[in-house]
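Undergrad: how would this look folded up:
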Amino acid sequence: MRPTTDSRDVAATLSWLLQVGKRWKACWQNDGGGTMKIAAMFCWSMILLPFVLAADEPVKKADAEELFRARDDRPVLPVTVEQLKKLGIEVYESKRLKLFSDIDPTIAKTLPPLVDQAYVAWEEYFGKLPPARDESEFQISGYLMKDKAKFEEEGLLRAKLLDQFHGRQIGYQFWMMDQATDYYRRHLLLHEATHAFMWAIPNLKVPNAYMEGMAEYFGTHQVIGGKLQVRLMPLNHAEFRGHERLFLMRRDVKQRGSPELLDIIDWKPETFQALNESYAWAWGQSIFFEENPRTRKRFRKLATSLANPIAWRTFELELKPDLPEIVTEWNLFASDAWEGFDFQNSAIEFHEGQTLTKPQRTEVRADRGWQSSRVLVEKGLRYELVATGQFTLAEKPKPWVSEADGITFRYHNSRPLGQLLATIRPAMKADDEREPMLDVKPLGNKSVFEAPRTGTLYLRLNDHPGELADNHGSVTVEVRRAE
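TA: Residues are numbered from 1 along each chain as shown. Have a look, this model is predicted:
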């Protein structure tokens with residue numbers, strides 16, 4: 001421990017300094033300001049330096065003082081555990097969660113250990129929580145209810161809670177209604193528990209969309225052999241029944257279009273209370289930023305800067321140099337947001353095209369999304385495209401070999417798998433214009449089309465965005481002006 005100095009020590013030291021000062025003053029006057037003055041200045045510096053440093057020490061100590069996490073605000077229960085049991089409410093406790101529930105005990109008892117595993121994942125992602133002032137372990141309380149009236153009658157339900165809700169977190173507590181599927185029950189519990197963990201971070205300063213997006217991101221999970229895996233893209237509908245975020249995004253795009261990527265950051269709590277789709281978009285934004293190769297590193301830095309009030313502004317500024325490309329990829333993801341979406345293989349390498357002066361050949365890989373042909377097509381002109389070659393769309397149950405016309409026993413977006421598709425990306429897009437790359441032209445082995453706009457021609461072989469990785473091969477496409 002560092003030694004401390006009390007007031008008596010300080011008074012004695014000051015008295016001694018005054019005496020020394022008087023003697024130096026006399027020497028100063030007798031010497032006339034020569035060598036003695038220089039010596040005096042040096043000696044005074046040496047005498048005072050330790051005290052200057054000592055005076056600065058409390059400031060440094062305060063700056064370096066370890067922050068504490070938010071105080072545990074859980075009240076003392078108004079009833080005993082024995083009284084709750086008589087009502088059919090059991091208590092299931094692990095290191096990180098004390099769960100009060102009236103659902104099937106065989107289900108309820110499996111949930112607290114999942115929060116213990118989630119806690120490890122939270123700290124790996126956001127960093128370790130500071131200690132509590134009372135040195136207690138981090139633990140939250142949850143109320144998982146089949147019959148809400150029981151909990152309300154016993155004073156376990158906060159008055160501030162809305163009459164209709166699926167889940168709600170306040171401080172170190174959360175409340176949630178039981179859900180129809182095992183997956184979504186766990187999802188909602190992890191969602192609310194993630195809120196409670198983030199709430200405990202000192203001086204938290206993040207947008208509402210980030211809070212909701214991260215809660216959804218950590219809520220999206222699988223349990224395999226008792227091992228919790230979080231921060232997943234749903235692989236299929238059957239194992240993530242009740243998630244529905246991808247469906248809500250696709251439906252919203254068809255009805256209203258996708259929201260502007262950076263506008264989501266500014267959504268207020270009222271938006272999430274009024275619009276169920278807002279949770280889907282907050283999750284979509286988070287998983288897009290996290291998984292897209294162009295944004296991943298910059299977004300991940302936010303997780304360890306949650307107390308920095310300018311962190312999000314800095315993040316937005318860092319995106320500006322390549323924001324048009326990021327927004328294009330966001331719009332394409334939002335419109336084709338299916339289970340298993342492969343961000344890595346769908347990532348686009350943007351290359352501007354050059355005016356076509358002679359036939360140009362380009363390779364189009366089957367395991368990638370949109371690919372630049374490096375050809376600039378001009379509005380109103382006609383172009384002929386001829387594709388040659390074969391590729392494999394799947395290996396099981398047997399290889400699906402296709403040409404650019406596609407295979408007609410399976411479709412994606414109402415087009416045969418493997419069909420050659422085209423779109424055009426203009427050099428500039430108007431602010432209120434729909435994403436141009438959503439205008440897709442089906443081609444095939446041989447096609448002629450008239451360019452609806454001027455821009456770079458992009459090509460791909462049609463496939464589900466979650467099934468690109470097992471594709472092999474490519475086609476060679478020759479682009480020429482049509483007669």
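
Undergrad: ok, Pro113 - contacts?
TA: Taking C-beta atoms under 8 Å, 6 or more residues apart in numbering, we find Pro113 in contact with Ser94, Gly226. From N, CA and C alone the C-beta is placed, and that goes for glycine too.

Undergrad: pretty sure Met145 contacts Met176?
TA: Yes: Met145 is within contact range of Met176, at 7.1 Å (criterion: C-beta atoms under 8 Å).

Undergrad: give me the element the nearest residue in space to Gln354 that is not next to it in sequence is part of.
TA: Nearest in space to Gln354, with sequence neighbours left out and distances taken as C-beta to C-beta, 6 or more residues apart in numbering, is Leu376 at 5.6 Å. Element membership for Leu376 (DSSP states H and E) is strand 371-377.

Undergrad: and for that strand, what are the contacting residues?
TA: Outside strand 371-377, the residues within contact range by C-beta under 8 Å, 6+ apart are 348-356, 360, 362, 364-365, 383, 424, 451, 454-460, 477, 479.

Undergrad: hmm, try it at 6 Å
TA: With contact meaning C-beta atoms under 6 Å, 6 or more residues apart in numbering, strand 371-377 is reached by 351, 353-356, 360, 362, 364, 383, 451, 456-459, 479.

Undergrad: same check, this time on stretch 476-483
TA: Stretch 476-483 is touched from outside by 359-364, 375, 382-389, 448, with contacts defined as C-beta under 6 Å, 6+ apart.

Undergrad: hmm, back to that, show the pLDDT at the residue nearest to Gln354.
TA: pLDDT recorded at Leu376 is 97.

Undergrad: burial count for it?
TA: As a burial measure, Leu376 scores 17 neighbours (other C-beta atoms under 10 Å).

Undergrad: same check, this time on the one 10 residues further on
TA: By the criterion of other C-beta under 10 Å, Val386 has 19 neighbours.

Undergrad: Could you verify that it is part of a strand?
TA: Yes: assessed by DSSP: H, G, I helix; E, B strand; the rest coil, Val386 belongs to a strand.

Undergrad: Confirm for me that it is in contact with Lys446.
TA: Yes: using C-beta atoms under 6 Å, Val386 makes contact with Lys446 at a distance of 5.1 Å.

Undergrad: quick one: contacts for Gly155?
TA: For Gly155, the contacting residues are Pro78, by C-beta under 6 Å, 6+ apart.

Undergrad: Now it: which helix or strand?
TA: Applying DSSP H and E, one finds Gly155 in no helix or strand.

Undergrad: just Val475 next, same as before
TA: Secondary structure assignment for Val475, by DSSP H and E: strand 472-481.

Undergrad: pLDDT weak spots in this protein?
TA: 1-66, 159-160, 162-164 (pLDDT under 70).

Undergrad: 80 instead?
TA: Residues of the chain that meet the criterion pLDDT under 80 lie in 1-66, 158-165, 396, 429-432, 483.

Undergrad: Need the nearest residue in space to the spatially most central residue of it, chain neighbours excluded.
TA: Nearest residue to the geometric centre of the chain (C-alpha atoms, centre = their mean): Ser286, 3.3 Å. Counting by C-beta to C-beta, 6+ apart, Gly213 is the residue found nearest to Ser286 once chain neighbours are left out, at 3.3 Å.

Undergrad: any idea how far the host helix or strand of the one you found is from the chain center?
TA: Taking DSSP H and E as the criterion, Gly213 maps to helix 208-219. Put simply, helix 208-219 sits 7 Å off its chain's centre (C-alpha atoms, centre = their mean, to the nearest Å).

Undergrad: again, but for stretch 228-236
TA: Using C-alpha atoms, centre = their mean, the offset of stretch 228-236 from its chain centre is 14 Å.

Undergrad: ok, back up a step: in the contacts of stretch 476-483, which residue is surrounded by the most others?
TA: Within the contacts of stretch 476-483, most neighbours by other C-beta under 10 Å means Leu385, with 25 neighbours.

Undergrad: so it touches Val448, yeah?
TA: No: counting by C-beta under 6 Å, Val448 is not a contact partner of Leu385; they are 7.8 Å apart.

Undergrad: re earlier: how near is the residue nearest to the centre of the chain to Thr314?
TA: Separation of Ser286 from Thr314 (C-beta to C-beta, to the nearest Å): 18 Å.

Undergrad: same thing with Val401?
TA: Look at Val401 and Thr314: by C-beta to C-beta, they are 49 Å apart.

Undergrad: Can you name the residues that contact Thr456?
TA: By C-beta under 6 Å, 6+ apart, the neighbours of Thr456 are Glu352, Gly353, Ser372, Leu376, Arg425.

Undergrad: Can you tell me the closest non-neighbouring residue to Pro101?
TA: To be clear, residue 101 is Ser; Pro isn't right here. Nearest non-adjacent residue to Ser101, counting by C-beta to C-beta, 6+ apart: Leu144, 4.0 Å away.
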